[in-house]
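1. Turn this into a model:
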Amino acid sequence: MSVAGPPGPVMDRDEVDRALARLDAEHEAIETSLLALQDHAGRRLLEGAGLTGTTQERWQSTEQQITLLWAYFDAYAAALRTAHETRARRRWPGRDDLVELTELLRGESVTVAGGAAPAPSASITGPAKLTERFTLIELVARMNDLYAHSLDMVVAADAVWSALPARIDLLAAELHRTRQLAHSVGVRPGEHPAGDDLERITAELTRLREQVISDPLAFWQPAPGSSAPGGGRPHTERYDREARALEDVRREIDAVLTVRQDAELRLGRLRDVLSRADRTLAEARSARGEVLAKIAASEVPAVSGPSTALQEQLAMASDYRRHAQWHRLSPLLESLEEKAEDELMRARESLTAVTQPLAIRAELRGRLDAYKAKVARLGHAEDPLLVEKYDAARRMLWSAPCDLRVAEQAVLRYQQAAAEVLAPRVPQQGGPTDRRGEA
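-> Sure, this is the predicted structure:
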């Protein structure tokens, strides 16, 4: 090796020994890291996998980087060995030895031949060089750079393979159990939306697993701002979406199972609610006839008959139960329960509207008798005017048909007359008073 001129000041013996010790430590650390990378489970999987997409492109580049790493390491080890041999010539090296050692340890003393590629921070596919020259420190930095990029790719792929396929397989097993359960209650593709969802989830999980195995880096999300190898996490959006969809289907199946268990009880409740609605409508129709006979000049709303559509749907629900068509019975029961409650509410509102004139007449009768009792309690029961007005109001309220507007006016007249009779009288001026000043 030429020693025409050392790079910078010539190192003394102590500086040479310290530099060799430091470079030995670097050599040991790099060798340990390279062997660990060689034995990494992710690297072995990448070598044997049928890769596609981003992972295939990255792995081709990474394989070149790993090959280059070993070439650099061998060159580094050879240069370090040469430096040790030079240092071992003499216990107390002379000037020429120190100049040569300075050149070996600080100069561009390492030549890597055979188309070495640039560092990964540049383009790995750039034009190859016949030879490259490095200082030992530059070569260590280049190896660290290549190692970090290679390890990042290997760790990322391994992290995805460690996380997603196992989770997909567990979800697929749960999907299989759900499909069997769905089939047992009649939830099948083309017959129930949940059955169609199960088919779609099955196809999506199959595609997802194939893509994760062949292109794991497509499912890797690097951590923002992280420079550490493998900094990031697998992104699981597609998996999470299918897991949520399966959970929704499972809830739907559970609802169908609940229908199978509670169908007879719910059908019994439905029959009871619709029966009460029919009885209430019958009562409203009867009350309407009574109102028309007993109340004059009053608008009484018509009363509709029972809902034949609901009865037909109830019969259909019973038929579904007999034939164990639980997936059809489930939505029908939910709809029927809501409609039956609405029907009962409609019947009650109809009865209230029809009987309102009778309620008004009852209120007027109660008011008239209450005032009569008050008048009698205060000693005016035989007052001729009050007796006359009471009898007139009573005849109107207890005769049929009753004109409510006229009867209400008669009750008001009785109230007014009673109020006048019961009002305290003002004494005449100069009349006798008791000791409290009262007449």
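2. Show the end-to-end separation of stretch 46-55, please.
-> End-to-end distance for stretch 46-55: 9 Å, by C-alpha to C-alpha, to the nearest Å.
3. no no, stretch 300-312
-> End-to-end span of stretch 300-312 (C-alpha to C-alpha): 30 Å.
4. Any buried residues in that stretch, and which?
-> Counting neighbours by 16 or more other C-beta atoms under 10 Å, one finds that the buried residues in stretch 300-312 are 300, 303, 306-307, 310. All C-beta spots, glycine's among them, are computed from the backbone N, C-alpha and C.
5. now, which of those residues sits nearest Gln356?
-> Proximity of these to Gln356 (C-beta to C-beta) peaks at Val300, which lies at 8.7 Å.
6. and that closest one, what does it touch?
-> By C-beta atoms under 8 Å, 6 or more residues apart in numbering, the residues touching Val300 are 288, 291-292, 354, 357.
7. For ChimeraX, write a command that selects the buried ones of the residues you listed.
-> Buried members of those, defined by 16+ other C-beta under 10 Å, are picked up in ChimeraX with:
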select :288,291,354,357
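8. Please convert the contacts of Val300 to a markdown table, extending it with secondary structure.
-> As requested, the contacts of Val300 are arranged in a markdown table below (DSSP: H, G, I helix; E, B strand; the rest coil):
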| residue | secondary structure |
| --- | --- |
| Arg288 | helix |
| Val291 | helix |
| Leu292 | helix |
| Val354 | helix |
| Pro357 | helix |
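9. returning to what we had before: and the buried residues of stretch 300-312, which of them are in strands?
-> In strands, defined here by DSSP state E, there are no members of the buried residues of stretch 300-312.
10. out of those residues, which are inside helices?
-> Secondary structure defined by DSSP state H assigns Leu310 of the buried residues of stretch 300-312 to helices.
11. from the buried residues of stretch 300-312, which is closest to Leu37?
-> Leu37 has its nearest neighbour among the buried residues of stretch 300-312 in Leu310, at 73.4 Å by C-beta to C-beta.
12. Contact partners for that closest one?
-> Leu310 neighbours (C-beta under 8 Å, 6+ apart): 274, 336, 339-340, 343.
13. Out of those, flag the one nearest to Trp59.
-> Nearest to Trp59, judged by C-beta to C-beta, of these is Leu336 at 60.3 Å.
14. Would you confirm that the closest one contacts Leu314?
-> Yes: contact criterion C-beta atoms under 8 Å: Leu336 and Leu314 qualify, at 6.5 Å.
15. Common neighbours of these two, please.
-> Common neighbours of Leu336 and Leu314 (criterion: C-beta under 8 Å, 6+ apart): Leu270.
16. Quick one: the buried residues of stretch 300-312 as TSV, columns for distance to Trp161 too.
-> Output for the buried residues of stretch 300-312, formatted as TSV (distance: C-beta to C-beta, whole Å):
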residue	distance to Trp161
Val300	79
Val303	72
Pro306	65
Ser307	61
Leu310	58
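17. tell me the secondary structure for Pro229?
-> Applying three-state DSSP: Pro229 is coil.
18. Quick check: it vs Arg95, distance?
-> Applying C-beta to C-beta, to the nearest Å, the value for Pro229 to Arg95 is 44 Å.
19. Looking at these two, which has the bigger crowd around it?
-> A count of neighbours by other C-beta atoms under 10 Å puts Pro229 above the other of Pro229 and Arg95, at 15 against 8.
20. My guess is the more buried one contacts Ala148. True?
-> Yes: contact criterion C-beta under 8 Å: Pro229 and Ala148 qualify, at 5.3 Å.
21. Compute the number of surrounding residues for Ile360.
-> Ile360: 16 surrounding residues under other C-beta under 10 Å.
22. Chain neighbours aside, what residue packs nearest to it?
-> In space, and not counting its chain neighbours, Ile360 is closest to Leu404: 5.7 Å by C-beta to C-beta, 6 or more residues apart in numbering.
23. Relative to Arg365, how far out is the one you found?
-> With distances taken as C-beta to C-beta, Leu404 is found 11 Å from Arg365.
24. before we move on, what about Ala25?
-> As for Ala25, its distance to Arg365 is 112 Å (criterion: C-beta to C-beta).
25. what about those two, which has more around it?
-> Taking other C-beta under 10 Å, Ala25 and Arg365 do not tie; Arg365 has more neighbours (17 against 10).
26. Please name every helix or strand in contact with the helix or strand where the more buried one lies.
-> Assessed by DSSP states H and E, Arg365 sits inside helix 326-377. Counting contacts by 3 or more C-beta pairs under 8 Å, 6 or more residues apart in numbering; DSSP states H and E, helix 326-377 packs against helix 237-294, strand 295-296, helix 308-322, helix 384-397, helix 404-422.
27. Off-centre distance for the longest one?
-> Okay, so that is helix 237-294. Distance, stretch centre to chain centre, for helix 237-294: 27 Å (C-alpha atoms, centre = their mean, to the nearest Å).
28. Show me the shaky parts of the stretch 301-439 of the chain.
-> For the stretch 301-439 of the chain, applying pLDDT under 70 flags the ranges 424-439.
29. Dump the helices and strands packed on helix 326-377 to TSV, plus distance to Glu85.
-> Output for those, formatted as TSV (distance: least, C-beta to C-beta, whole Å):
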stretch	distance to Glu85
helix 237-294	58
strand 295-296	127
helix 308-322	93
helix 384-397	132
helix 404-422	127
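30. Among the ones you listed, which comes closest to Thr111?
-> With C-beta to C-beta as the yardstick, what comes closest out of the helices and strands packed on helix 326-377 is helix 237-294 (49.4 Å).
31. That closest one - what's its average pLDDT?
-> What helix 237-294 shows for mean pLDDT is 88.
32. Can you check what angle separates that helix from helix 308-322?
-> In terms of direction (axes from the mean of the first three to the mean of the last three C-alpha atoms, to 10 degrees), helix 237-294 departs from helix 308-322 by 130 degrees.
33. And the helix or strand hosting Leu23, what's buried?
-> Using DSSP H and E, Leu23 sits in helix 13-39. Across helix 13-39, burial judged by 16+ other C-beta under 10 Å covers 15-16, 19-20, 23, 26-27, 30, 33-34, 37.
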